[in-house]
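Novice: what would the 3D arrangement of this be:
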Amino acid sequence: MPETTTSAAGEPGARGAYEPTDLTVPTRGRPRASYDRELVHAILDEAYVCHLGFVRDGRPVVLPTLYGRVGERLYVHGSTGSRPLRMADGGPDADPGLAVCLTVTHVDGLVLARSAFHHSVNYRSVVVHGTAYQVTDAEEKRAALDALVDHVVPGRSADSRPANAKELAATAVLRLGLAEVSAKVRTGGVNDEPEDLSLPHWAGVIPLTTRYGTAIPDEDLDPSAALPDYLAAL
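Specialist: This next block holds a predicted model:
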């Protein structure tokens, strides 16, 4: 099966697409790039963990963290004492906002070629550039925290105790708008050189999937408590 790529649906002015910029147009693999809004949202909504990159004291830092999407905004949370949250608060030790790069990646398959050079992976990824700001509005902060919980399991925020005042005070939330955004996708099979096709080495794709296991109840849970429908549906 030949390699296929996602077309760059986001040419300037395209409907439902993000505007390409110098930061979001790749220097390699341009045919795999897409700025399609629905594709970007789908990739973001399916993942659980993002990697948040920023510069601290002149050195790059990348942190894995949970996130949630609400329309054209991404939210990440952490302790009010964490470095990226403090750097984004616009206080005396930092300028307002924090320049960040946020990435999400799904690995869908291992592509094993006859040559070592052409080994690859099938993947879907999103890269977001922008300035993250600390959320200070109480209503937006609560909505963002609900979105973070519901991103992990849809419907969970309504089936758990909301954060109390003490917990809210100890939690900070960053908001990152979806403006400079791109997706990259690789699908398909091996891309070997014609002269290598007769080599005896096995070649093909090993698909990778994520699945849910059987729910394990907490040891202190009431034995009569039934698994909620939204969890059983997983």
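Novice: what's the first helix or strand after the least confident helix or strand in the chain by mean pLDDT?
Specialist: Within the chain, no helix or strand scores below strand 4-5, which has a mean of 44 by mean pLDDT, DSSP states H and E. Downstream of strand 4-5, the next assigned helix or strand under DSSP states H and E is strand 33-34.
Novice: counting by contacts, list what that next one packs against.
Specialist: strand 180-187 (3 or more CB pairs under 8 Å, 6 or more residues apart in numbering; DSSP states H and E). All C-beta atoms are positioned from the backbone trio N, CA, C, and that covers glycine.
Novice: list the neighbouring strands of the strand it packs on plus their orientation.
Specialist: strand 4-5 (antiparallel), strand 33-34 (antiparallel), strand 120-134 (antiparallel) (DSSP bridges).
Novice: how much space separates residue 109 from residue 167?
Specialist: 41 Å (CB to CB, to the nearest Å).
Novice: go on, residue 38?
Specialist: Residue 38 is 35 Å from residue 167, by CB to CB.
Novice: what of residue 27?
Specialist: Distance from residue 27 to residue 167, by CB to CB: 44 Å.
Novice: okay, the longest helix belonging to the chain in PDB with CA atoms only?
Specialist: Ranked by residue count and defined by DSSP state H, the top helix of the chain is helix 138-152. C-alpha atoms of helix 138-152 as PDB (Å, rounded to 0.1, in the frame of the first residue of the first chain):
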ATOM      1  CA  ALA A 138     -13.800  32.800  38.300                       C
ATOM      2  CA  GLU A 139     -16.500  31.600  35.900                       C
ATOM      3  CA  GLU A 140     -14.100  30.900  33.100                       C
ATOM      4  CA  LYS A 141     -11.800  29.100  35.500                       C
ATOM      5  CA  ARG A 142     -14.600  26.800  36.700                       C
ATOM      6  CA  ALA A 143     -15.600  26.100  33.100                       C
ATOM      7  CA  ALA A 144     -12.000  25.400  32.100                       C
ATOM      8  CA  LEU A 145     -11.600  22.900  35.000                       C
ATOM      9  CA  ASP A 146     -14.800  21.200  34.000                       C
ATOM     10  CA  ALA A 147     -13.500  21.000  30.500                       C
ATOM     11  CA  LEU A 148     -10.300  19.400  31.700                       C
ATOM     12  CA  VAL A 149     -12.200  16.700  33.600                       C
ATOM     13  CA  ASP A 150     -14.600  16.100  30.800                       C
ATOM     14  CA  HIS A 151     -11.700  15.800  28.300                       C
ATOM     15  CA  VAL A 152     -10.500  12.800  30.200                       C
END
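Novice: so which of residue 109 and residue 167 has more stuff around it?
Specialist: Using other CB atoms under 10 Å, the more surrounded residue of residue 109 and residue 167 is residue 109, with 19 against 11.
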